[in-house]
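Asks: How does the following fold in three dimensions:
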Amino acid sequence: MRIYSQYNSQNFQALHVNPKTLKRLGTTKEALLKNASIKDCSDRAEVTLKSKRHYDFKEFYREDIEAISTLTGLAGGLVGAAGTLIEGLLRALSLVKTDAALWWPFAAGCSIPVLSIASYLISRIIPRIRYTGEIQAGDRIENNKLAGRVTKQHEFYEKDNYKLAEELMKKGNNDFRMVMTKYTIDTPKGILSILNDDKIKENFTNGDCFNYKINEQGDTLLTRFFDIIPDADNQNEYNQILDKMKNMKGIIYNQKDSFGISVLEKILNAENFAALELVKDYKFPYSEELDDACSNIADKNFKNKALNLNFSFPQIENVLSEGGYLDQVLQKLSASPFFNANKDKLSKEILVYTDNWNKSYRSEFLFPVLLKHGMLPNEVIDARIEELKNVETEQRLREASNYGFYS
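Replies: Residues are numbered from 1 along each chain as shown. Next up, the predicted model:
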């Protein structure tokens with residue numbers, strides 16, 4: 001996720017926060033990134049965080065002044081009496097000769113209640129300044145302000161879940177349904193009419209409209225669109241829709257229709273080159289169903305392009321984060337063409353993820369598993385061999401020293 005210190009750009013999704021705001025609220029960028037709601041929303045929309053100044057005045061209480069007067073009066077009397085006693089002793093010892101010294105105890109005693117009451121009054125007159133944060137999300141930034149669909153302003157607390165994305169989605173879903181009722185969604189022409197509607201062009205430039213449900217079964221505009229097979233009659237409208245989608249960064253392509261068929265499966269089954277090009281930079285979670293779709297691809301060029309897509313493997317991520325047998329997971333995945341095509345990238349990701357693990361554990365347990373499945377890079381293998389050589393040499397020197405060959 002990107003973080004910008006100023007929010008004057010008109011065409012990107014991000015979290016906009018000023019460094020002064022972070023300082024006033026006593027938070028950091030890292031802390032903001034840990035808030036799932038903020039991160040999720042800022043990946044799709046504009047999120048602003050601003051500070052608001054508050055002046056806290058303490059109330060005046062007559063009882064406080066009376067109590068202060070009584071206590072400080074007693075304290076002043078004691079100070080005055082002590083001062084008089086000390087002054088008398090000093091006079092007896094001929095250490096004080098001026099009459100002005102007679103006023104010292106009296107002045108000291110009187111100053112205590114006066115200064116105490118003055119301090120109390122000042123503390124009530126001068127306010128304590130504190131800052132609170134206000135967080136808000138919207139579709140876009142126009143003239144340094146959020147525009148389009150905008151959420152309520154929420155008072156900011158680091159641990160709160162503001163559900164900003166859900167709030168925007170709810171607003172957008174209502175607006176989208178109002179537009180959708182005017183058009184058909186079963187043809188490219190109808191979907192293109194929806195995208196060209198003024199309401200959609202104004203508030204859904206990032207493609208959120210493709211993520212909304214269009215029926216109770218859970219279908220979306222995106223899954224419905226990829227159910228359509230382009231032909232001579234609809235190819236023109238179909239291509240126009242794809243062109244519009246290229247600039248819509250808010251589309252979630254990892255969707256399934258009411259039958260559990262994913263968007264990527266639909267693209268693979270149709271061997272749709274244009275659609276595959278559209279999603280080439282999107283990262284899809286791997287599933288076994290994709291292997292079945294891949295096995296049915298007839299065009300070799302299309303198959304190679306499909307295998308070069310970006311994939312995440314939740315099975316591996318889970319075993320690394322929560323524990324389990326990595327060897328078993330990799331063994332099961334070894335039959336997948338998508339896994340084998342992504343081995344190199346995946347091995348690097350695993351090594352980066354485990355970089356802060358115990359060095360011995362990585363060397364003795366993780367590396368052998370990766371090596372078994374052909375996922376340990378050559379440079380790591382060479383470094384490990386060199387490390388073992390050094391250990392062996394050190395051990396031999398230690399043994400020689402024990403036998404008295406070295407003193």
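Asks: Without its sequence neighbours, what residue ends up closest to residue 320?
Replies: With C-beta to C-beta, 6 or more residues apart in numbering as the criterion, residue 320 has its nearest non-adjacent residue at 5.9 Å, and that residue is residue 353. C-betas here are computed from N, CA, C, even on glycine.
Asks: What is the neighbour count of the one you found?
Replies: 13 (other C-beta atoms under 10 Å).
Asks: ok, now residue 128?
Replies: 10.
Asks: who does it bridge with?
Replies: residue 56 (DSSP bridges).
Asks: Repeat that for the one 5 residues further on.
Replies: Here residue 133 sits in beta bridges with residue 51, residue 156, as judged by DSSP bridges.
Asks: That one contacts residue 53, correct?
Replies: No - with contact defined as C-beta atoms under 8 Å, residue 133 does not count as touching residue 53 (11.3 Å).
Asks: hey, which helix or strand in this structure has the poorest pLDDT?
Replies: Scoring the helices and strands of the chain by mean pLDDT, DSSP states H and E places strand 3-4 at the bottom, with a mean of 38.
Asks: Show me what secondary structure element comes after it.
Replies: Where DSSP states H and E defines the elements, the next helix or strand beyond strand 3-4 is strand 14-17.
Asks: Pull up the pairing partners for that following strand, direction included.
Replies: Counting by DSSP bridges, strand 14-17 is paired with strand 3-4 (parallel), strand 46-56 (parallel).
Asks: can you give me how far the next helix-or-strand element following it is from the chain middle?
Replies: Tracing the chain C-terminally past strand 14-17 and defining elements by DSSP H and E, one meets helix 19-25 next. Relative to its parent chain, helix 19-25 has a centroid offset of 18 Å by C-alpha atoms, centre = their mean, to the nearest Å.
Asks: packing partners for helix 19-25?
Replies: On a contact count with 3 or more C-beta pairs under 8 Å, 6 or more residues apart in numbering; DSSP states H and E, helix 19-25 meets strand 46-56, strand 128-142.
Asks: These: which one's closest to residue 190?
Replies: Residue 190 sits nearest to strand 128-142 of all the helices and strands packed on helix 19-25, at 23.8 Å, using C-beta to C-beta.
Asks: buried residues in the closest one?
Replies: Neighbour counts using 16 or more other C-beta atoms under 10 Å place 133, 135-141 of strand 128-142 among the buried residues.
Asks: just stretch 230-240 next, same as before
Replies: 230, 234, 237-238, 240.
Asks: For it, what does the pLDDT average out to?
Replies: Stretch 230-240 carries an average pLDDT of 93.
Asks: on that earlier part again, of the buried residues of stretch 230-240, which is the nearest to residue 148?
Replies: The closest of the buried residues of stretch 230-240 to residue 148 turns out to be residue 240 (C-beta to C-beta; 23.1 Å).
Asks: What's the separation between the closest one and residue 369?
Replies: Using C-beta to C-beta, to the nearest Å, we find residue 240 at a distance of 49 Å from residue 369.
Asks: And the protein, split by domain according to the record?
Replies: 3-57+128-166, 62-125 (automatic domain parsing).
Asks: any idea which of the ones you listed scores lowest on pLDDT?
Replies: Of all those, domain 62-125 carries the lowest average pLDDT, namely a mean of 55.
Asks: could you say what helices and strands the helix or strand hosting residue 352 packs with?
Replies: Following DSSP H and E, the helix or strand that holds residue 352 is helix 343-353. Using 3+ C-beta pairs under 8 Å, 6+ apart as the contact test, the elements touching helix 343-353 are helix 314-322.
Asks: Following element in sequence after the helix it packs on, please.
Replies: As assigned by DSSP H and E, the chain's next helix or strand after helix 314-322 is helix 326-333.
Asks: mind listing what's buried in the helix or strand that that following helix is followed by?
Replies: Downstream of helix 326-333, the first helix or strand assigned by DSSP H and E is helix 337-341. Buried positions in helix 337-341, judged by neighbour count with 16+ other C-beta under 10 Å: 338-339, 341.
Asks: Tell me the spacing between residue 305 and residue 276.
Replies: Distance from residue 305 to residue 276, by C-beta to C-beta: 6 Å.
Asks: what's the answer for residue 352, then?
Replies: With C-beta to C-beta as the criterion, residue 352 and residue 276 are 28 Å apart.
Asks: Compare those two (neighbour count), which wins?
Replies: residue 276 (18 against 9).
Asks: So which other helices or strands are in contact with whichever strand or helix holds the more buried one?
Replies: Residue 276 belongs to helix 273-278 when assigned by DSSP H and E. Under the contact criterion of 3+ C-beta pairs under 8 Å, 6+ apart, helix 273-278 touches helix 235-246, helix 300-307.
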